[in-house]
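In: Okay, sequence plus prediction incoming.
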Amino acid sequence: YVRGGGINGFYRNRIDGAIDLYWQNKVDYLLLSGDNALLSYNEPITMKKDLIKAGIPSDSIVLDYAGFRTFDSVVRANKVFDANDFTIITQEFHCERAIFIALAHNIQAQCFAVPAPASMKLVRIREMFARVSAFIDLYILNKEPKYLGPVIPIITNSH
């Protein structure tokens, strides 16, 4: 939700894109990566609830609770969940950064760009800083995700 109430348009379009790809058999499962740092704020669980409401079976949903930022989500999909050829579902501006990160780690990801809401001024400014941060993390600091942990390959029943 956005401040003042109402559904976040970025979120809604990503969820709708995931639902469409799943029902069109373009993806076998959905890895939901997000932050759950607070008891009152759990992105993966919120996404799972919305996908289950759309009829997606829970055994086609995998949760990643340590997707604190795009860098962590992309690298963890590969190193923790053993996925190398996957589709990232997000807005175009975000796809560009996510694919940049994936390529830097030799991950064969692709992106499905969903529409962005009309109001994007602050998002564009934030994205400029996020891109600089991604570059620094990848090529200067050689960062790793905040949490890696053991490999947990994704095994699901294909639909």
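Out: Nice, I can see it.
In: so what's Tyr41 up against?
Out: Asp35 (Cβ atoms under 8 Å, 6 or more residues apart in numbering). Bear in mind the C-beta positions are built from the backbone N, C-alpha and C, glycine included.
In: Check Phe71 too.
Out: Here Phe71 is in contact with Ile101, Ala134, Asp137, Leu138, Lys143, Pro145 (Cβ under 8 Å, 6+ apart).
In: From the rest of the structure, what touches the biggest helix by length in the chain?
Out: Secondary structure assigned by DSSP state H gives helix 121-139 as the longest helix of the chain. Outside helix 121-139, the residues that touch it by Cβ under 8 Å, 6+ apart are Phe10, Thr70, Phe71, Phe93, His94, Glu96, Arg97, Phe100, Ile101, Ala104, Ala116, Lys143.
In: Please convert the buried members of those residues into PyMOL selection syntax.
Out: PyMOL command restricting those to the buried ones, with burial defined by 16 or more other Cβ atoms under 10 Å:
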select buried, resi 10+70+71+93+94+97+101+104+116
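In: is it possible to export the contacts of helix 121-139 to JSON lines including secondary structure?
Out: Output for the contacts of helix 121-139, formatted as JSON lines (DSSP: H, G, I helix; E, B strand; the rest coil):
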{"residue": "Phe10", "secondary structure": "helix"}
{"residue": "Thr70", "secondary structure": "helix"}
{"residue": "Phe71", "secondary structure": "helix"}
{"residue": "Phe93", "secondary structure": "helix"}
{"residue": "His94", "secondary structure": "helix"}
{"residue": "Glu96", "secondary structure": "helix"}
{"residue": "Arg97", "secondary structure": "helix"}
{"residue": "Phe100", "secondary structure": "helix"}
{"residue": "Ile101", "secondary structure": "helix"}
{"residue": "Ala104", "secondary structure": "helix"}
{"residue": "Ala116", "secondary structure": "coil"}
{"residue": "Lys143", "secondary structure": "coil"}
